[in-house]
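Q: Sequence and predicted structure below; questions after.
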Amino acid sequence: MPGSGALLHQCPLLLPQNREGTAYQGFITAQGRDFHIRILLPMDFQLQNARIECSWYLKKILHGYQHILKQEIALKNTRDLHIPWPPEYYSCLVRDLEILGWNKVAHVDTGFTTIKLKAEDSCGRQHLITLKLNAKYPAEPPECFVDFPVQFAVSWMPQNSLIDIYNQFLAALESLKEFWDAMDEIDGKTWVLEPEQPTRSATARRIAIGNNVSVNIEVDPQHPNMLPECYFLGADHVVNPLRIKLNSNMHLWDPEISLLQNLKDLLEIDFPSRAILEKSDFAKDCGICYAYRLAGATPDQVCDDPRCGQPFHQACLYEWLQGLPSSRQSFNVIFGECPYCNKPLTLKSSTKKL
C-alpha cells in the first residue's frame, strides 16, 4: 500500500489485517481522543474506492472526507450497536502481542477479542490455543481453549499475561509429548476404526485385530506408558483367547517400551494394517441395516457361531432382539436369536449406542 509506512507511523495502533495490505483496523487519535476505525482498500489501492468504518462521531469529525466514507455495516437493530472497548484495552493487547511476537499469532478477529496463538512441540506437531478476551484485560485473564485431553484442560488455570499463558501452553505441550507419541504410533501403524479422525484430545482408540474383531483402549494421558483399559469386541470364540492372553501376560508389561509394542507382546499378535485388512473380508456391513457405518459407529457385535460370524451394530441388534416375539429380557440383558443362523444371542441393553 503506497504510504502505508507513514500511515502506520502516524497511527501505530492501526494494524494490518491481511498480507495484501488491503485491510487495516485499530485506533486513530483525533481532537485528543482515540477512535476505533477500520479501513478497507480495493486490490488496486485506489483511495477513492476505499471504505472506512467508524463511529458516527468520528465520521462527523472526518466530514470533509465523505467521498471515501462508505459505511456498509449491517445492524440488526439499534440495540445491537457495538460500543468499542476502552482504548487502553487495545493498546495493552497490542503491546503484549508485540512482546510475545507476531510470528506466534495465527489469527486475530476483527474485534481484537479472539486470538489464536500457534506453537510447535518438540516433535514438530502443530498446536493452537484460542483466547477469548474481555474488556477488563489484562486485569482479568482470558478464557482459554485447547485441544487437550479433558484432564489437562480442566486443571489448567492460566495467568493474566499473554506471555504467562503462552509459556504454560508450551509446558503443557511437553507434558503431553509421551501421550501423543503413543497415540501417533497407534494411528500410523494400525487400522483405527474409531474415531475416524482422532483429535489431540481423544484418549480412546478402537483398533482392528482381524475379521470382525477389535479392541477398544482408553489411554491415561498422564500415564500413557501404563496398561490402558482394554475392551474386546467380536465373537466370544475369538475374543476369549485374547482376554486370556491379556490377563496371563499382564506381568510382562514394560513401561520402558511403547504402548503399541506392549499390546503386541501381551496379546501375542501383530496388529494388521488397514491395507491388509481391506483386502480381506474384514469391513463387512451390518447384517441388519446393511451399512458399515451407522452414526459414525462400525459393527461391533458378532454372532458367536464360527460358521456364521455375521457382524451387527449394537443399536441395530438391540432393536432387532427387542422386536422378536421369542426374545426375553432379564435386568439389563436381552436374549434372542441371530437373524441369520438362529444361534442364541445375548446383548447387554446398557451397551446400546448410536
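A: Everything's here; your move.

Q: CA only for contacts and neighbour counts going forward, please
A: OK.

Q: Check the spacing between the closest residue to Glu143 other than its chain neighbours and Gly101 real quick.
A: Once flanking residues are discounted, Glu143 sits nearest to Lys132: 5.1 Å by C-alpha to C-alpha, 6 or more residues apart in numbering. The gap separating Lys132 from Gly101 is 18 Å, by C-alpha to C-alpha, to the nearest Å.

Q: So those two - more neighbours on which side?
A: Per other C-alpha atoms under 10 Å, whichever of Lys132 and Gly101 has more neighbours is Lys132, with 14 against 11.

Q: who does that one bridge with?
A: Beta-bridge pairing of Lys132 under DSSP bridges involves Thr114, Glu143.

Q: That one reaches Val146, doesn't it?
A: No: taking contacts as C-alpha atoms under 8 Å, Lys132 lies outside contact range of Val146: 11.8 Å.

Q: Next, please give the residue ranges for the helices of the chain.
A: Applying DSSP state H to the chain gives helices spanning 4-10, 56-61, 87-100, 150-155, 162-175, 177-189, 236-248, 259-267, 274-279, 314-323.

Q: can those helices go into TSV with extra columns for mean pLDDT, mean neighbour count and distance to Tyr290?
A: Below are these laid out as TSV (pLDDT from 0 to 100; neighbours: other C-alpha atoms under 10 Å; distance: least, C-alpha to C-alpha, whole Å):
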stretch	mean pLDDT	mean neighbour count	distance to Tyr290
helix 4-10	40	12	63
helix 56-61	62	13	63
helix 87-100	89	16	55
helix 150-155	62	12	35
helix 162-175	90	16	43
helix 177-189	95	17	27
helix 236-248	90	15	22
helix 259-267	95	19	31
helix 274-279	65	13	18
helix 314-323	81	19	10
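
Q: Turn these into CSV, including distance to Cys286.
A: Compiled in CSV, the helices of the chain are given as follows (distance: least, C-alpha to C-alpha, whole Å):
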stretch, distance to Cys286
helix 4-10, 63
helix 56-61, 63
helix 87-100, 53
helix 150-155, 33
helix 162-175, 40
helix 177-189, 24
helix 236-248, 18
helix 259-267, 27
helix 274-279, 16
helix 314-323, 8
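
Q: Can you tell me which of the ones you listed is nearest to Phe112?
A: With C-alpha to C-alpha as the measure, helix 87-100 is the member of these nearest Phe112 (7.6 Å).

Q: helices or strands up against the closest one?
A: Applying 3 or more C-alpha pairs under 8 Å, 6 or more residues apart in numbering; DSSP states H and E, one finds that helix 87-100 makes contact with helix 162-175.

Q: between the helices of the chain, which one is nearest to Pro228?
A: Ranking the helices of the chain by proximity to Pro228 (C-alpha to C-alpha) places helix 259-267 first, at 8.6 Å.

Q: how does the protein divide up, domain by domain?
A: In the domain annotation for the chain, the residue ranges read 4-75, 87-175, 177-280, 284-354 (automatic domain parsing).

Q: Go through these and find the least confident stretch.
A: Looking at the domains of the chain, the lowest mean pLDDT belongs to domain 4-75 (a mean of 59).

Q: on that earlier part again, how about the residue nearest to Glu143, what does it touch?
A: Lys132 makes contact with Thr113, Thr114, Ile115, Pro142, Glu143, Cys144, according to C-alpha atoms under 8 Å, 6 or more residues apart in numbering.

Q: Hmm, the last one is touching Leu131, no?
A: Yes: the pair formed by Cys144 and Leu131 meets the contact definition of C-alpha under 8 Å, at 4.8 Å.
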